[in-house]
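1. Have a look at this prediction, sequence included:
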Amino acid sequence: MHIAVAGNIGSGKTTLTRLLAKHYGWKPHFEDVDDNPYLNDFYEDMQRWSFNLQIYFLNSRFGQIVDIRRKGETVIQDRTIYEDAHIFAPNLHTMGLMSTRDFNNYSNLFALMCSLIQPPDLLIYLRGNVPTLVSQIQKRGRDYEKNIRLDYLQRLNERYEAWIDSYKLGKMLIIEVDNMNFAERPEDLRVVINKIDALIHGLF
């Protein structure tokens, strides 16, 4: 089974992925952040590096999905291939940070990959407002995230909501994270686990 955790930057995807993997004994697949050769350059010069970064993420997540299905294990994945294509890449294009030529090239590649993969059995969407995201981003203190603008996060949030409203690929669970702290309050994690339990009994 393939479970995926989706959400904006700072919504708590990695934390929840780690905690759920430990609770259920699922194998976690984390976003390739530390070894990503483009992230620092991207946040320094988005226009120059946007296409390179998005292609890197697309390739990385496609490889993860192929690996997940090939091994047949129950896996929980930090961020989905769909978020890159429906949220991040079009947002960069709209902001003038990715050329139309590059965006069309990217979109055609994504469409080809989608024809070769299956969507997750369960999508968990973490919904948070911008102040919550900023607080989480500041707390983890990644250097390359210090320059993220509030309007950039707000644009991403709007695109996430539009994507979630139209999501029809499988079962979905929406978690409101503004007043939750999975890592420090066990009762918050228990709320999420109870909701997941109610859904996944029909998946196995």
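-> Perfect, I can see it now. This structure is a prediction, so every number in the text was calculated from the model and none was measured.
2. could you pull out the helices for this structure?
-> Taking DSSP state H as the criterion, the chain contains helices spanning 13-24, 39-44, 46-71, 81-83, 89-94, 100-114, 130-140, 150-166, 186-200.
3. most packed of the ones you listed?
-> Of the helices of the chain, the one with the most neighbours on average (mean count of other CB atoms under 10 Å) is helix 81-83, at a mean of 21. From N, CA and C alone the C-beta is placed, and that goes for glycine too.
4. Which other helices and strands does that helix contact?
-> helix 46-71, helix 100-114, helix 150-166 (3 or more CB pairs under 8 Å, 6 or more residues apart in numbering; DSSP states H and E).
5. mind redoing it with 7 Å?
-> For helix 81-83, the elements it packs on are helix 46-71, judged by 3 or more CB pairs under 7 Å, 6 or more residues apart in numbering; DSSP states H and E.
6. residues touching Ile68, list them.
-> Neighbour list for Ile68: His2, His29, Val75 [criterion: CB atoms under 7 Å, 6 or more residues apart in numbering].
7. Which positions are bridged to the last one in the beta structure?
-> When bridges are taken as DSSP bridges, the partners of Val75 come out as His2, Lys27.
8. So it versus Thr17, what's the distance?
-> According to CB to CB, to the nearest Å, Val75 and Thr17 sit 10 Å apart.
9. related to what we said a few turns ago, switch the contacts of Ile68 over to CSV; also include pLDDT and neighbour count.
-> Shown next, in CSV, are those (pLDDT from 0 to 100; neighbours: other CB atoms under 10 Å):
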residue, pLDDT, neighbour count
His2, 93, 24
His29, 91, 22
Val75, 94, 21
